[in-house]
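Visitor: okay, here's the prediction I keep looking at, along with the sequence it came from:
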Amino acid sequence: MTVLVTGATGTVGRLLVEELLAAGQRVRALTRNPDTAGLPEGVEVVAGDLARPAELAGVFDGVEAAHLITFAGDDYAPLPDGAALVELAAEAGVRRATVLGGREEGDLERALAGSGIEWTLLHPVEFMSNTLRWWAETVRTEGVIKEPFGDRLSALVHERDIAAVAATVLVEGGHGGRTYVLTGPEAITLREKVAILAGAVGRDVRFVELTVDEARAKWRADGMGEETVEFLVHALGETPEVGYTVVPTVKEVTGRDARSFRQWAEENAAAFRP
């Protein structure tokens, strides 16, 4: 079976390529920059931009299953014409699809619902890999983490578990019409997360809890726009129940236990050391 992976060089996409190869599938990887993709040998890497569906003729040819994302570009802008992508996939005979972070009311998702393609929405809560983006440099250089909402709970999920669920759904089928919320095996507070990371790294990491106003100032100084700053204040300060409620989806779909944050921290500890 040939599986198309869009966003193939992203956090989940790259791991999904590995999962599919390990399962013995043929993989076609869509990326805007094939020359710098750095994907494993045996992957068919093709150039394309989801923001320009008119230029993607042939990308879905021979593809039986596709992993789709709902954004395009480094700024994570919404797809301008998700329906056109679905039309290309349906015309090429794609039988099933996963959508990462999809919404039932989205343009691409509404098109999938009427396409005859068996499709599944994947809704991960907080990615464990965000820890690298947000904390790696400050832990390496200062040994300190400055964040608001120290008691905020999160059932954050390992990015490889997201990829494993997507691979299972795409290869096995039978998951059509479902929305899968994906979490890790436990909900932990921000303070606990810092302590677990410090233990894995093998050094003291201080946690400094910021007030909301201090956090706003920090994020603005980091170059975030006002809309992003206020989104973070709301999302982190008023985390919805789904964000801290552990569900067994990873185990139910893949047959394997979800990976803990401790496992993630041990795997990535080197990135936080000076």
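Guide: Perfect, thanks for sending it.

Visitor: contacts and neighbour counts: CA atoms only from here.
Guide: Noted.

Visitor: separation between the nearest residue to Thr249 once chain neighbours are set aside and His158?
Guide: In space, and not counting its chain neighbours, Thr249 is closest to Leu182: 6.0 Å by C-alpha to C-alpha, 6 or more residues apart in numbering. Note on Leu182: its distance to His158, by C-alpha to C-alpha, to the nearest Å, is 9 Å.

Visitor: neighbour count winner among the two?
Guide: A count of neighbours by other C-alpha atoms under 10 Å puts Leu182 above the other of Leu182 and His158, at 30 against 26.

Visitor: ramachandran angles for the more buried one?
Guide: The phi and psi values for Leu182, taken as degrees, to the nearest 10, are phi -120, psi 130.

Visitor: just confirm it contacts Glu252, I think it does.
Guide: No - between Leu182 and Glu252 there is no contact under C-alpha atoms under 8 Å: 10.7 Å.

Visitor: contact partners of the host helix or strand of Trp135?
Guide: Secondary structure assignment for Trp135, by DSSP states H and E: helix 130-142. With contacts defined as C-alpha atoms under 8 Å, 6 or more residues apart in numbering, helix 130-142 is touched by 144-145, 205, 271-274.

Visitor: what comes up buried for that helix?
Guide: 131, 135-137, 139-140 (16 or more other C-alpha atoms under 10 Å).

Visitor: tell me which of the contacts of helix 130-142 fall in strands.
Guide: 144-145 (DSSP state E).

Visitor: so which of the contacts of helix 130-142 is the most crowded?
Guide: If you count neighbours using other C-alpha under 10 Å, the busiest of those is Phe272, which has 23 neighbours.

Visitor: hmm, Arg203 and that one touching each other?
Guide: No - taking contacts as C-alpha under 8 Å, Phe272 lies outside contact range of Arg203: 9.7 Å.

Visitor: quick revisit: tell me how far the helix holding Trp135 lies from the chain's centre.
Guide: 19 Å (C-alpha atoms, centre = their mean, to the nearest Å).

Visitor: what's the mean pLDDT across it?
Guide: Here helix 130-142 scores 96 as its mean pLDDT.

Visitor: go on, stretch 48-65?
Guide: Rounded mean pLDDT across stretch 48-65 is 93.

Visitor: distance between the ends of it?
Guide: One end of stretch 48-65 to the other measures 17 Å (C-alpha to C-alpha).

Visitor: what sits up against it?
Guide: By C-alpha under 8 Å, 6+ apart, stretch 48-65 touches 1-4, 30-32, 46, 71-73, 79-81, 84-85, 88-89, 92-97, 170-171.

Visitor: in helices, which of the contacts of helix 130-142 fall?
Guide: Under the assignment DSSP state H, these contribute nothing to helices.

Visitor: ok, so of the contacts of helix 130-142, who is nearest Gly199?
Guide: Among these, Val205 lies closest to Gly199 (C-alpha to C-alpha), at 8.9 Å.

Visitor: show me what contacts that closest one?
Guide: 139, 143-145, 194-195, 198.

Visitor: at 7 Å what do you get?
Guide: Val205 makes contact with 139, 143-144, 198 under the criterion C-alpha atoms under 7 Å, 6 or more residues apart in numbering.

Visitor: need the residues you listed in JSON lines (columns: distance to Phe231).
Guide: Listed next are these as JSON lines, based on distance: C-alpha to C-alpha, whole Å:
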{"residue": "Val139", "distance to Phe231": "24"}
{"residue": "Gly143", "distance to Phe231": "27"}
{"residue": "Val144", "distance to Phe231": "24"}
{"residue": "Ala198", "distance to Phe231": "28"}
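
Visitor: mind pulling up the pLDDT for Asp75?
Guide: pLDDT, Asp75: 63.

Visitor: swap that for Glu105, please
Guide: At Glu105, the model reports a pLDDT of 74.

Visitor: shouldn't it be within a strand?
Guide: No - counting by DSSP: H, G, I helix; E, B strand; the rest coil, Glu105 falls outside a strand, being coil.

Visitor: measure it to Leu112 for me?
Guide: Distance from Glu105 to Leu112, by C-alpha to C-alpha: 11 Å.
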